[in-house]
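In: Pasted the sequence and its predicted model underneath.
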Amino acid sequence: MLEWNDYQKELMARIGEIGKLSPDTLRGYQALSTAGQKTGKLDAKTRELIALAVAVTRQCDGCITVHTDAAARHGATVEEIAEALGVAIAINAGAAMVYSARVLDAFSVKHPGS
């Protein structure tokens, strides 16, 4: 397993380097990251729980470390995080089921009558 606190510090330092090399890229990312906050439709904790589920489906360790901290800061409990992760697990299983159906479809088209 990762040393999450050290990893987050190293990640933020590298992202800071990207910001110096390409400030418009970092500003654009920050604009995307904060856009959902402006609608007020979801609270911050809910957005962070969604972010954690997406982080798992995207397999993004950086997203996991950043959004775990943010979820905790916004009052998420370990039980709420586990429930969000359960959604991610189900979606990943569902995606595997859908793509399994695609494999069978590709096989039937490529090898009709088999």
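Out: Sure, I can see it.

In: hang on, isn't Val66 packed against Tyr7?
Out: No: using C-beta atoms under 8 Å as the test, Val66 is too far from Tyr7 to be in contact (10.2 Å). (Each C-beta comes from the backbone N, C-alpha and C, glycine too.)

In: out of those two, which sits in the busier spot?
Out: For Val66 versus Tyr7, neighbours defined as other C-beta atoms under 10 Å are more numerous around Val66 (20 against 14).

In: give the contact list for the closest residue to that one other than its chain neighbours.
Out: In space, not counting the residues next to it along the chain, Val66 is nearest to Gln8; the distance is 6.7 Å by C-beta to C-beta, 6 or more residues apart in numbering. Gln8 is in contact with Thr65, Val66, Asp69, counting by C-beta atoms under 8 Å, 6 or more residues apart in numbering.

In: The first one: how many residues sit nearby?
Out: As a burial measure, the neighbour count of Thr65 was computed by other C-beta under 10 Å and equals 20.

In: Pull up the gap between it and Lys38, please.
Out: Thr65 sits 25 Å away from Lys38, going by C-beta to C-beta, to the nearest Å.
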